[in-house]
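Q: Show me the folded form of this:
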Amino acid sequence: MDFRFTETQQIFAGTVRELLNKECTPARLRKMVENGDSTIPSLWSSLSGMGVIGMTGSEDLGGLGMSDIDLVLIMEEIGRVACPETVIEHVCIGIPLLSHAKGNGINPQLIKDFINGDSRLSSMLDTRYALAADSVDYLLVKHNHEIHLVSVENTEIVRQDSVDETRRLFSVEWTPSELTMVEIPEEVIAKAEMSATIATAAQCLGTAAYLLETTIEYVKEREQFGKPVGVNQAIKHHLADTGKAIEFARPMVHRAAWTLSASSPEAEVAVSMAKYLASSAVNHACRTALQCHGAIGYTIEYDLQIWLKRGWALAASRGDTTSHRAIVGANILADGA
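A: Here you go, the predicted model:
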């Protein structure tokens, strides 16, 4: 398998990084939280204009027609800046599912609106709460194994407490109806859920990389007894172990994206292995960052706390290390039977 990315893929990821570094800053994240918002003004439209929101949409309808292997670099950049937007829910779940859906109101124009970002979507298919439900137009929800596309205007949403204030979660009350029900093939749903898991794993890597880079810079500058704390062997070991965890997880995330793009029968276990390793890596990065920074790392005044909370949230999202390790273990036992 050749996991090397093309020059075009790398250039696109670099362009997205430049945009995110400019528009998704710690100051803007703090302002968003202070204002009680779920999104950063103008960020969604900027991502839409660059084509990020329509990455998985059909080229015939204005999308980029990208596969999962195309997405992982972009998702890693999104994780690096703790982006609060519903990119995974919209790009990995919403557009792929609705592109194969049949039901009332499903038409090419609606799909185009999702692809170009004019309509926004969040999902509760594989989660208990909806991310940023107060900032989207539609929700994909599940009821008794049925999938419904519901306008947020016809729901009652309630903000829920969460560890990461930049990822606002909402419970949703709504009334199922034949008018909102959509028919989607089971294999399409399964693929979309695995795609969302890979994207979450890639965001784990981005968050972990940011935490490691920030911690390295901090220990170079922080002095004790007249010398930088980074010269201590124990600190170096923590940082090296974190770096190894990230670099070990990254190719597994790429492999999982490749297997899913290729419709390989190994996709399910590859996705779980990738999420297990990526969650472990970001958990490791959080521990190292907090240990090396000390108590200041968790204070509200210090920006590091944004990435610590994002790391913990992503590590648990769409299956934590325990659940994905169980899937991998069951597969190994089944192969040996």
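
Q: Next, the distance between the ends of stretch 52-69.
A: For stretch 52-69, the first-to-last residue distance is 14 Å (Cα to Cα, to the nearest Å).

Q: contacts for it?
A: With Cβ atoms under 8 Å, 6 or more residues apart in numbering as the test, stretch 52-69 has contacts from 16, 44, 47-48, 51, 70-71, 74, 87, 90-92, 95-96, 99, 108, 111-112, 114-117, 195, 198, 254, 257-258, 260-261. (Glycine included, C-beta is placed from N, CA and C.)

Q: Buried among those? Need that as a selection in ChimeraX.
A: Of these, the buried ones can be selected in ChimeraX as follows, counting by 16 or more other Cβ atoms under 10 Å:
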select :16,44,47,48,51,70,71,74,87,90,91,92,95,96,99,111,112,114,115,116,117,195,198,254,257,258,260,261
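
Q: So which of the contacts of stretch 52-69 belong to helices?
A: 16, 44, 47-48, 70-71, 74, 87, 95-96, 108, 111-112, 114-115, 195, 198, 254, 257-258, 260-261 (DSSP state H).

Q: Please save the CA atoms from stretch 27-43 in PDB.
A: Only the C-alpha atoms of stretch 27-43 are listed here, as PDB (Å, rounded to 0.1, in the frame of the first residue of the first chain):
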ATOM      1  CA  ALA A  27      -9.100  34.700  20.700                       C
ATOM      2  CA  ARG A  28     -12.000  34.000  18.400                       C
ATOM      3  CA  LEU A  29     -12.800  30.800  20.200                       C
ATOM      4  CA  ARG A  30     -12.800  32.600  23.500                       C
ATOM      5  CA  LYS A  31     -15.100  35.300  22.100                       C
ATOM      6  CA  MET A  32     -17.500  32.600  20.700                       C
ATOM      7  CA  VAL A  33     -17.700  31.000  24.200                       C
ATOM      8  CA  GLU A  34     -18.300  34.400  25.900                       C
ATOM      9  CA  ASN A  35     -21.100  35.200  23.400                       C
ATOM     10  CA  GLY A  36     -22.800  31.900  24.000                       C
ATOM     11  CA  ASP A  37     -22.300  30.900  20.300                       C
ATOM     12  CA  SER A  38     -21.600  27.500  18.700                       C
ATOM     13  CA  THR A  39     -19.800  28.800  15.700                       C
ATOM     14  CA  ILE A  40     -17.300  31.500  14.700                       C
ATOM     15  CA  PRO A  41     -18.800  34.200  12.500                       C
ATOM     16  CA  SER A  42     -17.600  33.900   8.800                       C
ATOM     17  CA  LEU A  43     -15.700  30.700   9.400                       C
END
